[in-house]
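[1] I'll drop the sequence and a predicted model, then ask my questions.
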Amino acid sequence: MGRDSLAKDLTLEEFARFRDFIHQQSGIYLEESKLDSLRISLVTRATRLEFSAFDEYYALLVRDHKEFSELMNLVTINETSFFRFPQQFAALKDRVLPEIMSAKPETNRDFRVWSAGCSTGEEPYSIAMTLLDAGIEGLGWRAQVLGTDVSTRALAVGQKGVYGQRAMLNVPKQTIARHFELVDDKYRVGEQARRLVDFGYHNLVKEPYPLSLMGNWDVIFCRNVTIYFRLDSTRRVVSNFFNSLNEGGYLFIGHSETLTSISDQFEPIEVGGVFLYRKTRTKKRFVISTPRSEYHAAPVTSAMTTPERSRRRHAVTRSQPVAEASEPSGTEMLGQARHSLAEGHPERVLDLVGQVLARDPNNAEAYLLAAYVHADIADHEQALEACHHALSINPLLPVARYILGIIYQRQGDTVRAISELKKTMYIDADFALAHLNLANIYKTQRKWDQAAREYENALRALYRSPEGAWTEFLGGFKADLLAKTCERSLVECRKAMGAA
Ligand SMILES: C[S@@+](CC[C@H](N)C(=O)[O-])C[C@H]1O[C@@H](n2cnc3c(N)ncnc32)[C@H](O)[C@@H]1O
C-alpha cells in the first residue's frame with residue numbers, strides 16, 4: 001500500500017485508537033471533526049517512515065517517544081502572538097509584580113515565571129519584556145522565565161528568537177525599538193530579554209512534576225493550552241500548578257477560560273477587567289508581610305522648634321477615626337487630596353491622606369501623596385518614611401524612588417541619591433527629571449562625560465514622554481525651560497570635556 005491508500009483509509013476505529021493514545025499521552029482530545037486533520041498528520045509521518053498501513057505506524061508510535069514527539073509537532077495548535085491579550089501583561093506589571101516583590105523577604109530577590117505551553121516563544125518573551133520594562137533588574141532582582149511545550153518544533157522557533165514581520169503587527173513601536181533588533185528583514189529578540197528566558201520540553205499531563213525544576217514559581221502562565229483537554233486532565237494540570245506555585249503566586253489562564261468547576265483552590269482576583277488566580281497565603285505569612293501597619297508620624301514634642309512643630313502638625317497619622325460607609329471612597333478622597341495639593345493646602349492633603357490610610361493601610365498612592373507634601377515642606381524624615389511605606393507596598397513606584405533621590409541629594413548623600421535616581425530610571429526610563437538630577441550630580445563631581453550623557457537622556461525623555469509621571473514635579477516651570485537648561489548644561493559639559 002502506498003501513500004494514496006493510507007490517505008483514504010483512516011477508519012473511525014483507527015481514528016479512535018490514535019485519538020485515545022494522543023489523549024492519554026498529551027491531554028489533547030481530538031473530536032471527531034478533527035478526523036481529516038489527524039489523517040493528514042498520520043499520512044505525513046507514516047509516508048516519511050515508508051509505512052504502508054496505520055497499524056504499523058501505531059505500533060511504532062506507542063513504543064518510540066521520539067516518534068510521538070514528531071507527531072505532536074503536527075497535531076498541536078501553536079497559534080500565539082506577542083503580548084496576546086495585553087491587559088494580562090498590564091496586570092502582571094502593575095499588580096502581580098509589585099505585590100509579590102513587596103511580600104518577599106530581603107534575602108529572596110528572585111522572580112520566577114513559568115510559561116506552560118509556550119508554543120513558539122512569543123509568550124515567555126513578552127513576559128520577560130514586561131519584567132524588564134518594570135525595572136525589576138535595576139532594583140537588584142533576578143528574573144527567570146521558563147517556556148515549556150510538547151512541540152519540539154515550536155520550542156526550536158522560540159529558542160531561535162527570530163520572528164517575521166507578521167508576528168510584529170500588534171507590537172507597539174516603542175517595544176520593538178527597546179526589545180528587538182532588525183536582522184535582515186526579520187526581528188530578533190534583544191539580548192536582555194533572551195538572557196531571562198529558557199526553553200525546555202515538558203509534557204503537562206506527565207506527572208509528577210519534578211519539584212526541583214518545576215516548583216517555587218511566582219507566576220504561571222498557562223493560556224489557551226487546556227482548551228484542547230478534557231475536564232479531568234485540566235483538573236489534574238491545574239492542581240499541579242497549585243502545588244508548583246509559591247504562596248501568593250498567580251496563575252494566568254486564557255481570557256476566555258475559567259477555573260469554575262475545575263479548581264476551588266485559587267482565589268480569583270479581578271485586575272483591570274481580567275481574572276487572575278492567586279494561591280492564597282497562609283495567615284501566618286500574611287501577617288509577617290505587613291510591617292507597614294506600624295506607620296505613625298513622629299509625635300510632636302515640646303523640644304521642637306515652632307516651624308518644626310507646625311510641620312509635624314501636617315504629618316500623617318493613622319489614628320484618625322475609621323470613616324463611615326456613607327463617606328466618600330478612598331479614590332474620591334485621594335482625588336480631593338490632589339485637588340487640595342494643587343490649591344496649595346498641604347494640611348488638608350495630609351488630613352485626607354490620614355483618613356484614607358486609616359481605612360486602607362496598604363494604599364501606596366496615599367503614602368506617595370504624603371511623601372510629596374512632606375518633601376515640599378522640607379520635612380525630610382517624614383517624606384522618607386512615607387516613601388519607604390509606599391515602596392514596601394509597591395517597590396516599582398518611580399515617583400517614590402525619585403523623591404528619595406531628591407531628598408538624599410538635598411541631604412548631601414550623593415551615593416544614595418545616585419542609586420535612587422538610577423532606580424527611578426530603571427522603572428521609568430522616560431523620567432526626565434531623574435536624568436536631569438543625576439546629570440547635575442555628575443556635573444558637580446566634574447564627571448563631564450557621564451553628566452553629558454544624562455543631559456542627553458533627559459532631553460530624549462522630555463521629547464519622548466512630555467506628559468510622563470515626572471511632570472508633576474515641574475512646579476510652575478514649563479518643560480521647554482527644562483529643555484533649555486539641559487541644552488545649556490550639555491554645552492558646558494562638552495566644553496569642559498574638550499578642555500580636559
Ligand atoms: C494555542 S498554543 C498557546 C500558546 C500560548 N500559551 C498563548 O496563549 O499564546 C497551545 C500550546 O500548548 C501546547 N501543549 C498542548 N498540550 C500540551 C501538553 N500536554 N504539555 C505541554 N504543552 C502542551 C501546544 O504544543 C501549543 O504550543
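    Looks like it arrived, so ask away.
[2] Look at Q265 and report its pLDDT.
    On pLDDT, Q265 comes in at 93.
[3] which residues does the closest residue to it other than its chain neighbours contact?
    Counting by C-beta to C-beta, 6 or more residues apart in numbering, F242 is the residue found nearest to Q265 once chain neighbours are left out, at 4.8 Å. C-beta: built from backbone N, CA, C; applies to glycine. Going by C-beta atoms under 8 Å, 6 or more residues apart in numbering, F242 touches 251, 263, 265-266, 279.
[4] Now do A91, the pLDDT please.
    A91 is given a pLDDT of 97.
[5] now R312
    So R312 comes in at 38 (pLDDT).
[6] need the residues of the stretch 201-350 of the chain near the ligand, please.
    Applying C-beta under 6 Å from any ligand atom, one finds that the stretch 201-350 of the chain approaches the ligand through 203-205, 223-225.
[7] which stretches of the stretch 201-350 of the chain aren't confidently modelled?
    Confidence mapping of the stretch 201-350 of the chain against pLDDT under 70 gives the ranges 207-213, 282-326.
[8] sorry, back to before: closest to E385 among the contacts of F242?
    The closest of these to E385 turns out to be K279 (C-beta to C-beta; 31.9 Å).
[9] Quick check: closest non-adjacent residue to that closest one.
    Spatial nearest neighbour of K279, excluding adjacent residues (C-beta to C-beta, 6+ apart): L245 at 4.5 Å.
[10] try P98
    P98's closest residue in space is N394 (C-beta to C-beta, 6+ apart), at 3.7 Å.
[11] pLDDT score for the one you found?
    pLDDT, N394: 93.
[12] Likewise for the one 4 residues further on?
    Predicted confidence (pLDDT) at P398: the value is 93.
[13] same deal with the one 3 residues further on?
    Here, the pLDDT recorded for R401 equals 95.
[14] That one contacts N394, correct?
    No: using C-beta atoms under 8 Å, R401 is not in contact with N394, being 11.0 Å away.
[15] Settle it for me: which of those two has more neighbours?
    R401 (29 against 20; other C-beta atoms under 10 Å).
[16] So which residues of this protein form strands?
    Along the chain, counting by DSSP state E, strands occupy 110-116, 142-149, 162-163, 180-183, 186-189, 197-201, 217-222, 245-253, 267-271, 274-278.
[17] buried ones in the fifth one?
    What it means is strand 186-189. By neighbour count on 16 or more other C-beta atoms under 10 Å, the buried set for strand 186-189 is 187-189.
[18] Need the residues that contact it.
    Around strand 186-189, the neighbours that count as contacts under C-beta under 8 Å, 6+ apart are 121, 125, 161-165, 167-168, 176, 179-182.
[19] could you redo the last one with a cut-off of 6 Å?
    Strand 186-189 is contacted from outside by 125, 161-164, 168, 180-181, using C-beta atoms under 6 Å, 6 or more residues apart in numbering.
[20] next one: the first one
    Applying C-beta under 6 Å, 6+ apart, the contact partners of strand 110-116 are 123-124, 127, 141-148, 204, 217-222.
[21] what about that strand, average pLDDT?
    For strand 110-116, the per-residue pLDDT averages 95.
[22] who does it pair up with?
    Strand 110-116 sits in its sheet next to strand 142-149 (parallel), strand 217-222 (parallel), going by DSSP bridges.
[23] got the CA positions of the last one in PDB?
    Read that as strand 217-222. What follows is strand 217-222 as a C-alpha-only set of coordinates in PDB (Å, rounded to 0.1, in the frame of the first residue of the first chain):
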ATOM      1  CA  TRP A 217       7.100  29.600  40.700                       C
ATOM      2  CA  ASP A 218       5.800  33.100  41.500                       C
ATOM      3  CA  VAL A 219       3.700  33.200  38.400                       C
ATOM      4  CA  ILE A 220       2.500  30.500  36.000                       C
ATOM      5  CA  PHE A 221       1.000  31.400  32.600                       C
ATOM      6  CA  CYS A 222      -1.000  28.500  31.000                       C
END
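[24] between that strand and strand 245-253, how many degrees?
    20 degrees (axes from the mean of the first three to the mean of the last three C-alpha atoms, to 10 degrees).
[25] Would you tell me which helix is longest in the chain?
    helix 479-499 (DSSP state H).
[26] Give me the residues contacting that one.
    By C-beta under 6 Å, 6+ apart, helix 479-499 touches 448-449, 451-452, 455, 458-459, 462, 466.
[27] same deal with stretch 254-272?
    By C-beta under 6 Å, 6+ apart, stretch 254-272 touches 85, 87, 91, 95, 223-224, 234-235, 238, 242, 275-278, 280.
[28] Out of these, which sit inside helices?
    Per DSSP H, the subset of the contacts of stretch 254-272 in helices is 87, 91, 234-235, 238, 242.
[29] Of all residues in the stretch 301-450 of the chain, which one is closest to the ligand?
    L396 (25.0 Å; C-beta to the nearest ligand atom).
[30] wait, doesn't that residue sit right on I100?
    No: in this structure, L396 is not within contact of I100 by C-beta atoms under 6 Å, at 10.9 Å.
[31] The residue nearest in space to the middle of the chain: what's it in contact with?
    Central residue of the chain (C-alpha atoms, centre = their mean): K93, 3.3 Å from the mean position. Counting by C-beta under 6 Å, 6+ apart, K93 touches 130, 134.
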